[in-house]
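> Sharing a model prediction with you, sequence too.
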Amino acid sequence: MQAIRSILVVMDPGQQEGLALKRAKLIAGVTQSQLHLLVCDKKHDHSTYLSDLCATLKQEGFNTSSQQAWHENLYQTIISVQQAEGCGLVIKQHFPDNPLKKALLTPEDWKLLRHCPSPVLMVKTDKPWNAGVILAAVDVGNADGEHRTLHASIISHGYDIAALAKADLHVISAHPAPMLSAADPTFQLKETIEARYREQCKAFQAEFDVPDERLHVAEGPADSLIPQIAHQLNAAVTVIGTVARTGLSGALIGNTAEVILDSLESDVLVLKPDDIIAHLEELVAQR
């Protein structure tokens, strides 16, 4: 996270809280990143709002720029500006979608998570990060190269956020239920499954100084277990990753991040492996 030189902050003039900007200022205050404020609007009538905001931020010592833009829809506008400005992080406030609407139409924030080449921080609450809990969710049951790289990125970003917020880093990994028919005896007992998953965590525990009491390995589907543990810990941020499910041609996000977006009571940082990022950048460039 220290390497981020520019942060794209999606602003909503109709929202007075400015939670996305609040998080951006916290991160930029440590990383010295530039803040690029974006209003997605066809009318382009928010010049005074942006200029006043930039003036205030510059008085506070932040390096700031801004623009108004619109390209077909919300998520494509954000991605186009992210690529044009070379922003290493997108921060946007998330508002829960109507369940009926979500069943009929793919929410714009889901599309942003699927298609944005950079990490996306969805801000959901005004809960302080400082001295709180940062929860990193990893799937250590998948030990292929793509997942291992993604796990390292998730833990590293979680550690960076914990460091800048003087918070505690916790890690969660969900494991499957025992199956008596499993060919590997390890997966026939809950205790042996959990022991195997904990063993898989030893390397990153040592690297990022995650003690056993901050490692949560439990049985259940990730999309219900992650929000449950985040609630128990009162987590301020949950860091989750995604890999392609149908090959790079689809570049589809694993739906866990989408499903838990509304159920989590914390901010959510979503990361992708490098190969998916490269593929998404190619797709954006072809538009």
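All right, it came through fine.

> From now on I want contacts and neighbour counts done on CA atoms only, so please keep to that.
Noted.

> now the residue lying closest to Ala3 once chain neighbours are set aside: how far from Val120?
Distances taken as C-alpha to C-alpha, 6 or more residues apart in numbering place Thr31 nearest to Ala3, at 7.5 Å, with adjacent residues excluded. Noted for Thr31: a distance of 17 Å to Val120, by C-alpha to C-alpha, to the nearest Å.

> more neighbours, these two?
The neighbour count for Thr31 versus Val120, taken as other C-alpha atoms under 10 Å, is higher for Val120 (22 against 16).

> Next, that one: phi, psi?
Val120 adopts backbone torsions of phi -120, psi 130, taken as degrees, to the nearest 10.

> coming back round to it: check what pLDDT the residue nearest to Ala3 gets.
pLDDT for Thr31: 91.

> so it sits right up against Ala24, yeah?
No - counting by C-alpha atoms under 8 Å, Thr31 does not reach Ala24; the two are 10.2 Å apart.

> Work out the gap between stretch 222-234 and the centre of the chain.
Chain-centre distance of stretch 222-234: 15 Å, with C-alpha atoms, centre = their mean, to the nearest Å.

> In it, which residues are buried?
Neighbour counts using 16 or more other C-alpha atoms under 10 Å place Ala222, Asp223, Leu225, Ile226, Pro227, Ile229, Ala230, Asn234 of stretch 222-234 among the buried residues.

> Name the residues that touch that stretch?
Stretch 222-234 is contacted by residues 132-133, 135, 137, 172-174, 218, 238, 256-257, 259-260, 263-266 when judged by C-alpha atoms under 8 Å, 6 or more residues apart in numbering.

> thought Pro176 was touching Arg196?
No - Pro176 lies out of contact with Arg196 (C-alpha under 8 Å); the separation is 11.8 Å.

> quick revisit: so which of the buried residues of stretch 222-234 belong to helices?
Assigned to helices by DSSP state H, the following of the buried residues of stretch 222-234 qualify: Ala222, Asp223, Leu225, Ile226, Pro227, Ile229, Ala230.

> Turn those into TSV, columns for pLDDT and distance to Gly145.
Shown next, in TSV, are these (pLDDT from 0 to 100; distance: C-alpha to C-alpha, whole Å):
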residue	pLDDT	distance to Gly145
Ala222	88	20
Asp223	88	23
Leu225	93	24
Ile226	94	23
Pro227	94	26
Ile229	96	27
Ala230	96	27
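
> Which elements pack onto the lengthiest helix in the chain?
Counting residues, the longest helix found in the chain (DSSP H) is helix 145-164. Where contact means 3 or more C-alpha pairs under 8 Å, 6 or more residues apart in numbering; DSSP states H and E, helix 145-164 is packed against strand 133-137, strand 168-175, helix 202-208, strand 237-241, strand 267-271.

> How is this protein divided into domains?
Following automatic domain parsing, the chain resolves into domains at 6-123, 133-286.

> Stretch 127-141 - what's its average pLDDT?
91.

> Endpoints of it, how far apart?
Stretch 127-141: ends 31 Å apart by C-alpha to C-alpha.

> that older thread, go through the helices and strands packed on helix 145-164 and name the closest to Lys190.
Lys190 sits nearest to strand 168-175 of all the helices and strands packed on helix 145-164, at 9.0 Å, using C-alpha to C-alpha.

> And the average pLDDT for that closest one is what?
For strand 168-175, the mean per-residue pLDDT is 92.

> show me what contacts Ala131?
Residues near Ala131 by C-alpha under 8 Å, 6+ apart: Ala165, Lys166, Ala167, Asp168.

> Show the average pLDDT along stretch 268-277.
For stretch 268-277, mean pLDDT rounds to 77.

> before we move on, the earlier item: could you dump the helices and strands packed on helix 145-164 to CSV with distance to Asp97?
Formatted as CSV, the helices and strands packed on helix 145-164 follow (distance: least, C-alpha to C-alpha, whole Å):
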stretch, distance to Asp97
strand 133-137, 24
strand 168-175, 26
helix 202-208, 36
strand 237-241, 20
strand 267-271, 16
